[in-house]
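Student: Predicted coordinates and the sequence they were generated for:
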Amino acid sequence: MPRRRQSESELTLQGIGVSPGVVTGKVFLLTSSALRVPRRPVKVHQLDHELSRFEDAITETRRQIKQIQKDMEQHTGPEDASILDAHLLVLDDRSFVEQVMRELREKKLNVEAIVADVSEKYASMLDSVSDEYLRERVADVKDVSRRILRNLQGDHESRLDRLPKGAIIVTRDLAPSETASLRKELAGGFAIDMGSPTCHTAVLARALEIPGIVGLRDVTRQVQDGDDVLMDGNRGVLVIRPGASTLRKYGKVAELRRNIERELKGLRAQPAETKDGRRITLAANIETPDELDAVLQYGAEGVGLFRSEYLYLSREDTISELDEAAAYQRVAEGLAPHSVIIRTLDIGGDKFRVESHMPLESNPFLGCRSIRLSLMHPEDFKRQLRAILRASVTKNIKIMYPMISSAAEVIRANELLAEAKRELDAAKVPYDPGIKVGVMIEIPAAALMADVLARHVSFFSIGTNDLIQYTLAVDRVNERVAYLYEPTHPAVLNLIRTTVEAAQRNRIWVGLCGEMGADPLLAPLLIGLGVDELSVAPSAVPPVKDAIRSVTFQQARQLADESLRCETAVEVLELCRKLTREAAPELLELM
Ligand code: PEP
Ligand code: MG
């Protein structure tokens, strides 16, 4: 990674920008809180007392985590609060709890010493397996056991409790529960040694709107507590002890970005249309009905992807059919006449419920995920379909099946949909009889079979987040292979083109709802490849609209044709950058 000393005192480090914003502040250096763990033998008659102290500490820890989740739900919504579900899972893991109880009886030591030993063993066992998902759980285990140990010792203070207002937190790693407790009004930003763009800390930082840089490797050894720093969360740049000219330079960068963002907001009422009149539907991706305001505020035309699983993930009980229907109806009514595409459950992979009883799989992204789970539990699936149907009286709801890999799955899902309709008919419940059904194209097999799938549905939506990982065999959450996760890889472009051609031959429309569509640099390419709709995070609507409005459809088609002839992802990216430089240079300032 580039790293250079600019003068005696000023030092610039390059990491990965995960949450935008330019800020300056004083370093609040957090060293790993070395918790002192007492170790003393206990008598047999004291074992019950140690056990009940352990049980109390578990109860208190669960209470604290749920309290943090509740605070987060209020500040950032249930999606982000669900990140702490992994901590609750550690507490609910019987093998962890039972091992502590067993070793307590065997070793006859105080319970703090036993908890420290067991969690150490547990974490190193997870760390040694080759499965990336399990290795990511190490941080959760360490975070939870630190909390249990603190509770056992009656120490409820977090290492962030003394954070001075506006300070920039610099540390090796920030636990998700620590990030969750940060507030925009207090924390200036954070810069950490570890992490990847999709780690929980990064996700939370974006939701909390706190500038963040991860992957700086050894920033903790480069700074001292109280040092002045400047950070650019867009580009991942951290300047330690910035000089006057650097501060001036970044002051101008921040002002420029603010002006561009303000101007882009002015496009709200304008259509997403190329200069020569090709109209694109620019919709939003949402996870909960609470995002309705953001969809309206940023001027999206309806919802292209409602990730319905988030209605399930953040709660311990099952949402009732009527409550679920009410959640969909609220969004559909708020956005009518624009359409709202509700994707049926996509649980599994990296998304699990609070009280998940699903067995651990060594390849969860290739396992019992999504439509596979729905088809394994037809009654639950029909219950969700009935909820969507109930809401469809607004006539602007569409249904979408995720992770389809064969026509057989679509045929079976449609049979269950027909059953769900019959059940509502029998109960005399109204719904939209003409409700349209589509599938996500996110597995290469689906793209290659698109002609066949098109016979069974009314639309496609390309899920590039998964299509890229499954096409290139690159785990989408593994930072060690992130350099291979290339949206502009010619193989990915070919599969998008194959899908679009099949849709056109069968006269159905095709959208795209992966993160690739939210990159303004790539929007002209996707339009040139022939997609009819882009669905992106609400805040990404203005820059993507600007990108579309700055080019002609002819330029976009030429870009797509040239890209399909390229040999590498980098060549394609360079072509996209060149067009943006010519057509909408202001967008490059935001990247
Ligand atoms: C995708 O895979 O591109 C997609 C939009 O779905 P998710 O990110 O929820 O898997
Ligand atoms: Mg997907």
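Tutor: Received the coordinates, thanks. Residues are numbered from 1 along each chain as shown. Ligands and ions are numbered 1, 2, ... in the order given.
Student: Is Ala408 located within a helix, as I assumed?
Tutor: Yes - counting by DSSP: H, G, I helix; E, B strand; the rest coil, Ala408 falls inside a helix.
Student: Tell me, how many residues neighbour it?
Tutor: Residues lying near Ala408 (other CB atoms under 10 Å) number 10. All C-beta atoms are positioned from the backbone trio N, CA, C, and that covers glycine.
Student: quick one: contacts for it?
Tutor: For Ala408, no residue counts as a contact, taking CB atoms under 8 Å, 6 or more residues apart in numbering as the criterion.
Student: For it, give its distance to Tyr470.
Tutor: Here the criterion is CB to CB, to the nearest Å. By it, Ala408 lies 18 Å from Tyr470.
Student: so Ile16 touches Arg217, yeah?
Tutor: No - Ile16 sits out of contact with Arg217 when judged by CB atoms under 8 Å, with a separation of 10.6 Å.
Student: which one of the two has more residues nearby?
Tutor: Comparing Ile16 with Arg217 by neighbour count (other CB under 10 Å), the higher total belongs to Ile16, at 19 against 16.
Student: For that one, grab phi and psi.
Tutor: Reported as degrees, to the nearest 10, the phi and psi values for Ile16 are phi -110, psi 120.
Student: Now it: closest residue in space, sequence neighbours ignored.
Tutor: In this structure, Ile16 finds its nearest non-sequential neighbour in Gly215, 4.3 Å apart by CB to CB, 6 or more residues apart in numbering.
Student: One more: Leu512?
Tutor: Ile462 (4.4 Å).
Student: now the helices: where do they sit in the stretch 451-591 of the chain?
Tutor: Shown for the stretch 451-591 of the chain, the helices assigned by DSSP state H, counting those that start in this stretch span residues 464-472, 490-505, 523-529, 541-549, 553-564, 569-583, 586-589.
Student: Identify all contacting residues around the first one.
Tutor: Contacts of helix 464-472 with the rest of the structure, by CB under 8 Å, 6+ apart, involve 365, 403, 440-444, 447, 474-476, 484-487, 489, 491-492, 495-496, 512, 514-517.
Student: Which of the residues in that helix are classified as buried?
Tutor: In terms of neighbour count (16 or more other CB atoms under 10 Å), helix 464-472 has its buried residues at Thr464, Asn465, Asp466, Leu467, Ile468, Gln469, Tyr470, Thr471, Leu472.
Student: Which one of those residues is nearest to ligand 2?
Tutor: Nearest to ligand 2 among those is Asp466, at 3.7 Å by CB to the ion.
Student: per-residue confidence for that closest one?
Tutor: In this model, Asp466 is scored at 93, pLDDT.
Student: measure it to Lys108 for me?
Tutor: Summarising the geometry, the distance separating Asp466 from Lys108, computed by CB to CB, is 51 Å.
Student: cool, Leu453 as well?
Tutor: Distance from Leu453 to Lys108, by CB to CB: 63 Å.
Student: neighbour count winner among these two?
Tutor: Set Leu453 next to Lys108 and count neighbours by other CB under 10 Å: Leu453 wins out with 27 against 15.
Student: Quick check: that one touching Ala407?
Tutor: Yes - Leu453 sits in contact with Ala407 when judged by CB under 8 Å, with a separation of 5.9 Å.
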